[in-house]
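Undergrad: Dropping the sequence and predicted coords here.
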Amino acid sequence: MSFFRRNIGIDVGTSKAVAYLKGRGIIFHEPSVVALDYYNEKIIAVGEEAEALLGRTPGNVSLIKPIEEGVIANFEAAEHLLHYILKKSLGRSIIKPNAILSVPSHITQVQKRALMQACKNAGAYKVFLIDEVLASAFGIGIDIKDPLGQMIIDIGAGSVSIGVVAKGQVVLSVGRRIGGENFNRAIKKFVADKYDLFIGEETTEKIKRTIASLSKEAEPKGMEVGGRSKLYGLPTKIMLNSNEIFEAIAPVVEEIFYHLKILLSKTPPELSADLVNRGAYITGSSAQIPGFVELLSNHLGIPVSLAEYPGTCTVRGTAKAMQWMEDYDSEGKKDYAKRDHSLEKKEILRKR
């Protein structure tokens, strides 16, 4: 890799896009949203500027999520988003950067190639992909060369990636298209069914961040919520509490637990023994819902810990992975040079 070429780690999620640059830390953290004007087929806003239009756009403007459930849903919009990330993160530079992108465990080779091509079209020189599970392991600070197994549970907005890491690789993993957005949909449905009230995306996300909980409380938190009445079509306000949100999102959590148990049932006995002692780490923005870690530990019967930076753990890991790749490549070249020199010396002695 060129000495002057910068390496940028990118985690393009369904909800947020995050970029990390060595020496500078998190340099980009904005919504994964693109605003398109259908009249002239032009992108008019990306990221925070596009999100500001959410629920307030005229008929000719549509908000697009380029990434849905961990895969590209709109290639052109994804290309614009990645170009925006690179330009805003690195500024104008004649030397194209190398990029390493984290990807969910469940996506196909075709979907991976599409993401790589979109990133190259956006301005990257070389593009590398890394499994979210392995990237999260790097971000947490786990020694991935360790032969003992470690479980990683990454709960993103559009997907959940679960895997067991050992000896520098993902031994087994499972990915499902279920995540934070499923929590949001469950909350919206609950409010609509119980209170006959339609609420928007921004309001739903605020409910999840403010009062969502995965434990029943004697004195639940309350929150006033505004929306449009299903019955009268007029602006209306209601009071919600955290116990109601628990009731709304519990089925989504149960589905995540179901897939976790399937993975554990397929884990080799030796790795299972490692997990009993070492437990699991949970990452992702939705992992921060109060009570999630305790509930998960009770269901699985192993200790569960929340990563230090759950929302940005994966992208931090991509940057560390790039450094690890460079060090590994450098060590490999040194070993090759030593072997080459040794063989050359033996050949000289043989000729004598």
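TA: The structure has been received and is ready for your questions.
Undergrad: Give the partner strands of the strand or helix carrying Ile8 in its sheet and their orientations.
TA: Using DSSP states H and E, Ile8 falls within strand 7-12. When sheet partners are counted by DSSP bridges, strand 7-12 sits next to strand 16-21 (antiparallel), strand 98-103 (parallel).
Undergrad: just so I know, which of those lies nearest Ile282?
TA: Closest to Ile282 of those is strand 98-103 (Cβ to Cβ; 16.1 Å). Quick note: C-beta positions are derived from backbone N, CA and C, even for glycine.
Undergrad: Which elements pack onto the following helix or strand past that closest one?
TA: Going down the chain from strand 98-103, the next helix or strand is helix 109-122, by DSSP H and E. If you count contacts as 3 or more Cβ pairs under 8 Å, 6 or more residues apart in numbering; DSSP states H and E, helix 109-122 packs onto strand 71-72, helix 75-90, strand 98-103, strand 127-131.
Undergrad: What is the burial count for Val276?
TA: 11 (other Cβ atoms under 10 Å).
Undergrad: hey, where'd the strands end up in the stretch 201-350 of the chain?
TA: In the stretch 201-350 of the chain, the strands defined using DSSP state E, counting those that start in this stretch lie at 222-229, 235-241, 280-283, 304-306.
Undergrad: Mind putting those into CSV with distance to Ile162?
TA: CSV is the format used below for these (distance: least, Cβ to Cβ, whole Å):
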stretch, distance to Ile162
strand 222-229, 31
strand 235-241, 30
strand 280-283, 9
strand 304-306, 12
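Undergrad: State the number of residues packed around the closest residue to Ile245 other than its chain neighbours.
TA: Using Cβ to Cβ, 6 or more residues apart in numbering and skipping the chain neighbours, the partner closest in space to Ile245 is Ala212 (4.8 Å). Other residues near Ala212 number 23, with proximity taken as other Cβ under 10 Å.
Undergrad: and if you look at Ile27?
TA: For Ile27, using other Cβ under 10 Å, the count is 15.
Undergrad: Ok, Ser213 next?
TA: 18.
Undergrad: Setting aside sequence neighbours, what's the nearest residue to it?
TA: Ser242 (4.2 Å).
Undergrad: how much space between Glu49 and Ser32?
TA: Using Cβ to Cβ, to the nearest Å, we find Glu49 at a distance of 13 Å from Ser32.
Undergrad: Need the contact partners of the helix or strand hosting Phe138.
TA: Here Phe138, judged by DSSP H and E, is contained in helix 132-140. By Cβ atoms under 8 Å, 6 or more residues apart in numbering, the residues outside helix 132-140 that reach it are 11, 102-105, 144, 150, 152, 154, 156, 161-163, 165, 169-170, 173, 281, 283, 307-309, 312-318, 320-321, 324.
Undergrad: just to revisit the earlier point, what's the closest of the strands paired with strand 7-12 to Val110?
TA: Closest approach to Val110 among the strands paired with strand 7-12 (Cβ to Cβ): strand 98-103, 12.3 Å.
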